[in-house]
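[1] whatever this is, show me its structure:
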Amino acid sequence: MRGRGGLVLLLLGACEVHPYCLDCIDSTPDSGGAEGAPDGGIAVATDGCIAAGAEQCNGIDDDCNGRIDDGAISGVGVACGTDTGPCVAGVTECVGGLVVCTGNTGAARPEECNNVDDDCNGVVDNGNPGGGASCGSDVGSCAKGMEVCDNGAVACVGSVGPAVESCNAQDDDCDGLIDEGNPEGGAACLPPGTCVAGTLACQGGALACVGATGPSPESCDGVDNDCDGATDEDYDLLADPMHCGNCGTRCSAANGQAACVGGSCAVAFCLADWWDLNGDPVDGCEYGCQFRGSEICNDLDDDCDGSTNEDLVAPPLCSQVGECAGTTATCGATGWTCAYPGTVQTDGGGGIVPESACDGLDEDCDGVTDDPFPTLGQSCTRGLGACATSGAMACTAAMDGVECSAPDPQPGQPETCNGQDDDCDAQTDEDAADEWVAISGGFGARWIYKYEASHPDASASVAGVMTHRSCSVVGRLPWTNVTYPQAQAACSAIGARLCTEAEWQRACETGAPTPCPWSYAAACDTFSAATCNGNDYDFDTGTAGDQDGMLAAGALPACYADWGTAADRVFDLSGNAKEWTEARSPGVNPLRGGSYNNTAQGISCAFDFAVGDDAFLFENVGFRCCRDTAP
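    Coordinates of the predicted model:
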């Protein structure tokens, strides 16, 4: 182990090493001295560190207090660096066994021209930093200088700069040109003995008066030529046509004489047959015209004012009827004429001729429209029967005649029993199909009206009046107030007849094994006041009491005799209207089925007590037809 004096001790025993000391001693006690003291009696620290004196900044525990480089160390904690210029001084510290300067700022740098001690030597901008180069110009009167650092900025010192150019044969503004731009010249000058001023001009480095003149005869030029203090005094610019308003402005007038009035050119007068209509002196007397006096209708400018036939009053020559209304006479080359509108028919000489077009206009101005067409506007039709359309006679598209304006007839429809010519063949109801139901019995096959007979023009609310035939149609009021012969004729008109009593009763009772007492759809053996329209049926439930009246055919949906399908149902055999059947004998005509004012017995199928003669009719008496062959 190495000691501070360089002595190397070889120890046979254990060696304790202090963590902050490089010296190690034998800690084993011996007989010759105290524990921890080496042989020879030299006193040492008990931890094995040998004190070497005051602590130094060397990374060693010099004072053996267990701490390295602590406490007061020589050279540590003193000021260091410099605080001159931008620099700031610091303080020394022991760092890693070395004394270093910490906290100082602004290391010295090359000096710059900025009024700062950049190199921290105590002198600002020393050594003329940034200076020394030449500056300025040496052209003309200018001279170069030198750049010098002055008060923190580089400036050009000793140079001579450009000046305002003057008339001195020198380049004062240092642009390479001498006396350019007529320096100090341009002002008016009037040397003695002259009356027209000149102008100062820089010539050869000196000012000279150029252009001055002496007296001369006065001219109209804006100059005092005769030097009498007056300018152009011999010329009247307000009235001189040679110098009108300005010197040299000469007035002229074509086809006339020019003048100057108030300093402006004008026309003094025009030559014969020439006129100044626009008042413009530039074109003088521009309008040529022979004056004849006051204006008359001749298409000429008689008064030479530039207008023809003006201010004339038209005479009452023109017709004011029809299409001529509002026409006034106009003046032209041939005198007064009537310029009628294009709708008026005229001949080559302008005379009105009779109209020939059908156009709703009175072209011949006689107060009558479309004279050649007397049927115009009359009613007319096209087609027959229900196909017919109505209109009126109107002008054709070519306006050369008249035609009926009614639309094209509609196509015919199958004939129905409605009192109209549905198929448009000029016949009414001739092929109308009635509704029939086939029945059978001991008399063989027969066909009977499905509904009570009605007038062809009947409806649900109107009984109708047509009698040329009968119809079997649902929803119509029955044909009543009819006599037996009338009913017989109505059936005959369609190739049928009145039903016999046997046929009628068989149809009412149906072909069931047990005959129905009433013409009901079901339960026909039990009287029902609400099934058919008898005295016990309330015709008008909105009125108090029991009201009776006629219903349209088929109005009660269950009042029918059922002969099979829905098409094989005979309606209203019980009640509504009594029905004529074939006579039992001449003048004895049976009525079957009862009506709306008969009781249950009177509207039964078998009731046959009511008869009437050929003249009998009543508001509750109707009929239905039968036939022997299929319809």
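
[2] mind telling me what element the most centrally placed residue in the chain is part of?
    Nearest to the mean C-alpha position of the chain, by C-alpha atoms, centre = their mean, lies residue 397 at 42.1 Å. Assigned by DSSP states H and E, residue 397 falls within no helix or strand.

[3] from residue 371, how far off is it?
    For residue 397, the distance to residue 371 (C-beta to C-beta, to the nearest Å) stands at 20 Å. Just so you know, the C-beta spots here come from the backbone N, C-alpha and C atoms, and that holds for glycine as well.

[4] can you pull the buried residues of stretch 331-343?
    331, 336-338, 340 (16 or more other C-beta atoms under 10 Å).

[5] ok so, going back, ok, the residue nearest to the centre of the chain to residue 358 distance?
    Going from residue 397 to residue 358 by C-beta to C-beta gives 10 Å.

[6] cool, and residue 307?
    44 Å.

[7] which one of those two has more residues nearby?
    residue 358 (22 against 11; other C-beta atoms under 10 Å).

[8] ok, now which ones touch that one?
    Contacts for residue 358 were tallied using C-beta atoms under 8 Å, 6 or more residues apart in numbering; they are 370, 372-373, 376, 395-396, 399-402.

[9] one more pass at 7 Å, please.
    Going by C-beta atoms under 7 Å, 6 or more residues apart in numbering, residue 358 touches 370, 373, 376, 395-396, 399-402.

[10] and the furthest pair within those residues?
    Largest separation among the contacts of residue 358 by C-beta to C-beta: 376 and 400, giving 12.8 Å.

[11] now do the contacts for the closest residue to residue 169 other than its chain neighbours.
    Of all residues not flanking residue 169 in the chain, residue 205 sits nearest, at 3.0 Å (C-beta to C-beta, 6 or more residues apart in numbering). Residue 205 makes contacts with 167-169, 179, as judged by C-beta under 7 Å, 6+ apart.

[12] if you set the cut-off to 8 Å instead, what comes out?
    Going by C-beta under 8 Å, 6+ apart, residue 205 touches 167-170, 179.

[13] for those residues, work out which two are farthest apart.
    It's 167 and 170 that sit farthest apart of the contacts of residue 205, by C-beta to C-beta, at 9.5 Å.

[14] which one's more surrounded, the two?
    residue 167 (21 against 15).

[15] where's the more buried one, which helix or strand?
    Per DSSP H and E: nothing holds residue 167, as it lies in no helix or strand.

[16] let's number from 46 now, not from 1
    Okay, using 46 as the starting number, the last item reads as residue 212.

[17] from residue 232, how far out is it?
    Using C-beta to C-beta, residue 212 is found at 12 Å from residue 232.

[18] over to residue 161?
    To residue 232, residue 161 is 55 Å away according to C-beta to C-beta.

[19] those two - which one has more neighbours?
    Remark: of residue 161 and residue 232, residue 161 carries more neighbours, 15 against 12, as counted by other C-beta under 10 Å.

[20] what's that one in contact with, if anything?
    130-131, 169-170, 197.

[21] so which of those wins on neighbours?
    residue 170 (22 neighbours).

[22] isn't that one up against residue 160?
    Yes: with contact defined as C-beta atoms under 8 Å, residue 170 and residue 160 form a contacting pair (6.3 Å).

[23] what is in contact with the two at once?
    residue 197.

[24] in this structure, what residue spans correspond to helices?
    Counting by DSSP state H, the chain has helices at residues 529-537, 546-554.

[25] would TSV of those with distance to residue 266 be doable?
    What follows is the helices of the chain, written out as TSV (distance: least, C-beta to C-beta, whole Å):
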stretch	distance to residue 266
helix 529-537	131
helix 546-554	141
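
[26] please identify the most buried of these.
    helix 546-554 (a mean of 22; mean count of other C-beta atoms under 10 Å).

[27] quick one: mean pLDDT for that helix?
    Throughout helix 546-554, pLDDT has a mean value of 96.

[28] same check, this time on stretch 604-615
    94.

[29] for that stretch, which outside residues touch it?
    Outside stretch 604-615, the residues that touch it by C-beta under 8 Å, 6+ apart are 482-484, 493-495, 552-556, 561, 564-567, 576-578, 599, 616-621.

[30] hmm, 6 Å instead?
    Contact with stretch 604-615 is made by 482, 495, 552-553, 555, 564, 566, 576-577, 616-618, as judged by C-beta atoms under 6 Å, 6 or more residues apart in numbering.

[31] and residue 421 and residue 445? Which one has more around it.
    Legend: neighbour count by other C-beta under 10 Å for residue 421 and residue 445, higher for residue 421 (17 against 13).

[32] tell me the confidence at that one?
    84.

[33] residue 448 is in contact with that one, correct?
    No: if you go by C-beta atoms under 6 Å, residue 421 and residue 448 don't touch, sitting 10.2 Å apart.

[34] domain-wise, how is this structure divided?
    279-333, 429-458, 468-676 (automatic domain parsing).

[35] give me the low-pLDDT residue ranges for the stretch 146-295 of the chain?
    By pLDDT under 70, the weakly predicted segments of the stretch 146-295 of the chain are 151-153, 237-239.

[36] any idea how many residues pack against the residue nearest to residue 454 when sequence neighbours are not counted?
    Take residue 454 and drop its neighbours on the chain: the residue closest to it by C-beta to C-beta, 6+ apart is residue 428, 2.6 Å away. Residue 428 has 18 neighbouring residues, counting by other C-beta under 10 Å.

[37] quick check: residue 428 vs residue 463, distance?
    Relative to residue 463, residue 428 is positioned 18 Å away (C-beta to C-beta).

[38] thinking residue 137 is in contact with residue 144, fair?
    Yes: with contacts counted by C-beta under 6 Å, residue 137 reaches residue 144, the gap being 5.3 Å.

[39] shared neighbours, the two?
    residue 121.

[40] setting aside sequence neighbours, what's the nearest residue to residue 375?
    Per C-beta to C-beta, 6+ apart, closest to residue 375 is residue 384, 5.0 Å.

[41] do you know how far that neighbour is from residue 520?
    Separation of residue 384 from residue 520 (C-beta to C-beta): 70 Å.

[42] burial count for the closest residue to residue 205 other than its chain neighbours?
    Leaving out its chain neighbours, the residue that sits closest to residue 205 by C-beta to C-beta, 6+ apart is residue 188, at 3.9 Å. Using other C-beta under 10 Å, residue 188 has 14 other residues around it.
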